[in-house]
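Trainee: Sharing a model prediction with you, sequence too.
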Amino acid sequence: MFIVHVHIRVKPEYLDEFCEATETNAEASLLEPGIVRFDLLQQQDDVTRFLLLEAYRTPEDAARHKETAHYQAWRDIVAEMMAEPRSSMRYTNIYPSDGAWG
């Protein structure tokens, strides 16, 4: 399992539009065979901060995700909404060892 956390800070005036665009991207992403999980989380004490929690079967699946039309459309749509460049951290699943969540 290959897990990516994407940290995002959105300009306050774009909160609704960002959530809408990201939900659309997440729904399409979950149809990809290599994606196990795709969550959009909003920080409770700072509503301009978001975390995308993306779980892929392999690192190659994560790379393929960035080649999809829906990801590229999302990237372009939300670019002006960002208060700062987004950052990501990559993780390898340790437990549960089979990658089963839930």
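Mentor: Looks like it arrived, so ask away.

Trainee: For Gln43, which non-adjacent residue is closest in space?
Mentor: In space, and not counting its chain neighbours, Gln43 is closest to Arg49: 4.0 Å by Cβ to Cβ, 6 or more residues apart in numbering. C-beta here means a position set from N, CA and C on the backbone, and glycine is covered the same way.

Trainee: Give me the phi and psi angles of that neighbour.
Mentor: phi -110, psi 130 (degrees, to the nearest 10).

Trainee: quick one: it and His7, what's the gap?
Mentor: 7 Å (Cβ to Cβ, to the nearest Å).

Trainee: The residue nearest to Gln43: neighbouring residues, count only.
Mentor: 15 (other Cβ atoms under 10 Å).

Trainee: try the one 10 residues further on
Mentor: For Pro59, the number of neighbouring residues by other Cβ under 10 Å comes to 13.

Trainee: circling back to that earlier point, which residues touch the residue nearest to Gln43?
Mentor: His7, Ile8, Arg9, Val10, Gln42, Gln43 (Cβ atoms under 8 Å, 6 or more residues apart in numbering).

Trainee: so the fourth one touches Phe50, yeah?
Mentor: Yes: because the distance of 6.5 Å satisfies Cβ atoms under 8 Å, Val10 is recorded as touching Phe50.

Trainee: Identify the contacts common to these two.
Mentor: Residues touching both Val10 and Phe50 (Cβ under 8 Å, 6+ apart) are Phe18.

Trainee: Which one's more surrounded, these two?
Mentor: Val10 (23 against 20).

Trainee: check contacts around the more buried one.
Mentor: So Val10 contacts Phe18, Thr48, Arg49, Phe50, Val78, Met81, Met82, Ala83 (Cβ under 8 Å, 6+ apart).

Trainee: tell me what the longest helix seen in the chain is packed against?
Mentor: Longest helix of the chain, by residue count under DSSP state H: helix 15-29. Contacts defined by 3 or more Cβ pairs under 8 Å, 6 or more residues apart in numbering; DSSP states H and E place helix 15-29 against strand 35-42, strand 49-56, helix 69-78.
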